[in-house]
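>>> Provided below for reference: sequence and predicted model.
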Amino acid sequence: MCGELRAEDAGQDVVLMGWVNRRRDHGNLIFLDVRDRSGITQVVFDIDKGEAAHAKAEAARPEYVVAVKGKVRRRAAGLENPNMPTGEIEVVASQLLLLNEAKTPPFSPAEEAIGNEEVRLKYRYLDLRRTEMQHHFALRSRVAMAIRNYLVGEGFLEIETPFMTRSTPEGARDYLVPSRVHPGHFYALPQSPQIFKQILMISGFDRYFQIARCFRDEDLRADRQPEFTQVDLEMSFPQQETVFRVVEGFLTAAFATAGISLTTPFVHMTYDEAIKNYGIDKPDMRLPAMVSLTGILTPELRAALKIEQALPVLGFVIPGAGELSGTARKSLVSEVRASFGDCGLDLLDVPRLRTNADFAPLADAISDALAAGTDVDALTADDLLVVVTPKLGTPAKWNYDPQWIWKRVGALRLQLGAKFADKHGRFAKTGTEADFKFAWVTDFPMYEWDEEAKVWNAAHHPFTSPHEEDIKAGRLTSDKGAVRALAYDIVLNGTELGSGSIRIHRQDVQAEIFRSLGMSDAEAKERFGFFLDALEYGTPPHGGIALGLDRIVMILAGATSLREVIAFPKTAKAIDLMVDAPTPATEQQLRELHLRIAKRS
């Protein structure tokens, strides 16, 4: 392989095959850099050592496919290339075969970066030849194999589930597949193998996994694709901690393939703790947490500063943001206030408080509290202190959400963390475990309020088990907003890697959950009859999780988009530019499927 040769191989006769990466013509000497997925080797064509090979090298151009026979030799002193693993050697060619020619490509795979992503996706086969992309997919292969080997070693069986199934509500639109044999009927591509993996637990396969393809018809973004891959697993008789141990085990194995050693167990926090400390259910712990300053603001101070008496006051620090000039500070304050809109939140100017003798002790108390809540030894002038207060008249709830203030402040924390990223350096890559902050978030709300429809919906899928005490307390009907689910997420650097839960294994509880979602027994039977029937035949307690393999590889590769680690991805408009899909169906195909295209008026 082109990337394997080293100085100790000098004197060997070798055959290399690959693509011409670059060509340099010096008359009697022609240099071809020959590339395959393992790397690049410089090949020398000396007219004195082979006229025929030299003549063919004159005809070679970038991206021609070639086979070279020659002898390895060390490069002359001073001519080594320290930037190439093969930089100490070259191959002196004796024979050259031009296996295939190539048109001049729209971009060179030898380039490190190509600015136009649409051109990259249209000519994906050229883009994938680039060294960076080859490394991404070698990493993806190693990660998938490490996960598979770990789970098999833990007693899991790899079992495939169908791609064509029935449509079930799972949070996004289904891709539908019309049936030719059953006119007017449709299969759905699975959003996840959820029901099938629960059926497998009922079937006695106590440990299942699958590296599964999933399909969701939803709006796209950098970390979302219409088809993606999950590491999907389910276990019988688990506690939450059992699932956590397995996931931490296979993530440790996966990260080891990239040279990263992880320390387990990961941090645990409840959903309410995540909202209180980070303002979001997928906390990025590379930045200091939020700090409650509510107790410091006495009723007298609140009255003097025109702050709502009963609502929280929150603060956080962006370390190392740099000392701001007066003009820069005013601009930042204006930007933040504009982002708050008319919700009632405002910034408290701590530096200005220090200039007033009456409020200077408050400024010191705030600084001390924020310093205690950071991971730095002491605050400096370079640290940005942000304190958010509710103005008089600010509502306690927004859209029925009593936690809205924490969430707004948490969003500001992330916004400013990104704004000053170059200065604080908390997101910079060091190639060590310190780059990766994992957390388990547990006890999510069971239901979420739909303001438009005025109904409570399942916050996850409707097969998630609520806490036993919430069932016994009757909260499923009396106080849906207080019901906690036995649901958990694994989070990395502010990205949700995966979600899971302990499932409902009793038919009577499942029926009660469906009723609590406003679904009649008849409707539940129509949509989930086969599953409700299965629950009546001795279903063991079970639970599981699914993690996005694409996201894991994206983060490990240091990529910014899932498209960098999916071989043939779609654009943000769900188009495959390489094969030009989707395309219209022919009239013959539509007739066979008993379909007609109707134009909307």
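Great, that's in hand.

>>> For the stretch 501-601 of the chain, which segments are assigned as helices?
507-516, 521-535, 549-557, 587-592 (DSSP state H, counting those that start in this stretch).

>>> between those, which gets nearest to G155?
For the helices of the stretch 501-601 of the chain, proximity to G155 was assessed by Cβ to Cβ; helix 549-557 is nearest, at 20.9 Å. Where you see a C-beta, it was placed from the backbone N, CA and C, and this is true even at glycine.

>>> Report all helices and strands that the closest one contacts.
With contacts defined as 3 or more Cβ pairs under 8 Å, 6 or more residues apart in numbering; DSSP states H and E, helix 549-557 has these neighbours: helix 131-153, strand 227-236, helix 240-256, strand 495-502.

>>> would TSV of the ones you listed with distance to R221 and mean pLDDT be doable?
As requested, those are exported to TSV (distance: least, Cβ to Cβ, whole Å; pLDDT from 0 to 100):
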stretch	distance to R221	mean pLDDT
helix 131-153	19	97
strand 227-236	12	97
helix 240-256	24	97
strand 495-502	12	94
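
>>> where do the strands sit along the stretch 1-150 of the chain?
Using DSSP state E, counting those that start in this stretch, the strands found in the stretch 1-150 of the chain span residues 13-26, 29-36, 39-46, 65-74, 89-100.

>>> Mean pLDDT and distance to A473 added to these, as a markdown table?
As requested, the strands of the stretch 1-150 of the chain are exported to a markdown table (pLDDT from 0 to 100; distance: least, Cβ to Cβ, whole Å):
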| stretch | mean pLDDT | distance to A473 |
| --- | --- | --- |
| strand 13-26 | 96 | 67 |
| strand 29-36 | 96 | 64 |
| strand 39-46 | 95 | 63 |
| strand 65-74 | 96 | 70 |
| strand 89-100 | 96 | 72 |
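
>>> pLDDT weak spots in this protein?
Residues of the chain meeting the criterion pLDDT under 70: 169-171, 222.

>>> before we move on, back to that, can you lay out the strands of the stretch 1-150 of the chain as CSV showing mean neighbour count?
Formatted as CSV, the strands of the stretch 1-150 of the chain follow (neighbours: other Cβ atoms under 10 Å):
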stretch, mean neighbour count
strand 13-26, 16
strand 29-36, 21
strand 39-46, 23
strand 65-74, 18
strand 89-100, 18
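
>>> List the contacts of K56.
L96, L97, L98 (Cβ atoms under 8 Å, 6 or more residues apart in numbering).

>>> which one among the residues you listed gets closest to E241?
Ranked by distance to E241 (Cβ to Cβ), those are led by L97 at 60.2 Å.

>>> what's the spacing between the closest residue to the closest one other than its chain neighbours and C2?
Nearest in space to L97, with sequence neighbours left out and distances taken as Cβ to Cβ, 6 or more residues apart in numbering, is A67 at 4.2 Å. From A67 over to C2 the distance is 12 Å, taken as Cβ to Cβ, to the nearest Å.

>>> what's the answer for L311, then?
65 Å.

>>> I'd like the helices of the stretch 501-601 of the chain laid out as CSV, including mean neighbour count and distance to P361.
CSV is the format used below for the helices of the stretch 501-601 of the chain (neighbours: other Cβ atoms under 10 Å; distance: least, Cβ to Cβ, whole Å):
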stretch, mean neighbour count, distance to P361
helix 507-516, 18, 51
helix 521-535, 15, 61
helix 549-557, 23, 44
helix 587-592, 12, 77
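
>>> Tell me which of the ones you listed lies nearest to R484.
Short answer: helix 507-516, nearest of the helices of the stretch 501-601 of the chain by Cβ to Cβ, at 13.6 Å.

>>> which strands and helices sit next to the closest one?
Against helix 507-516 (3+ Cβ pairs under 8 Å, 6+ apart) you get helix 475-478, helix 521-535.

>>> Dump these to JSON lines, plus distance to K437.
Output for the helices and strands packed on helix 507-516, formatted as JSON lines (distance: least, Cβ to Cβ, whole Å):
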{"stretch": "helix 475-478", "distance to K437": "33"}
{"stretch": "helix 521-535", "distance to K437": "37"}
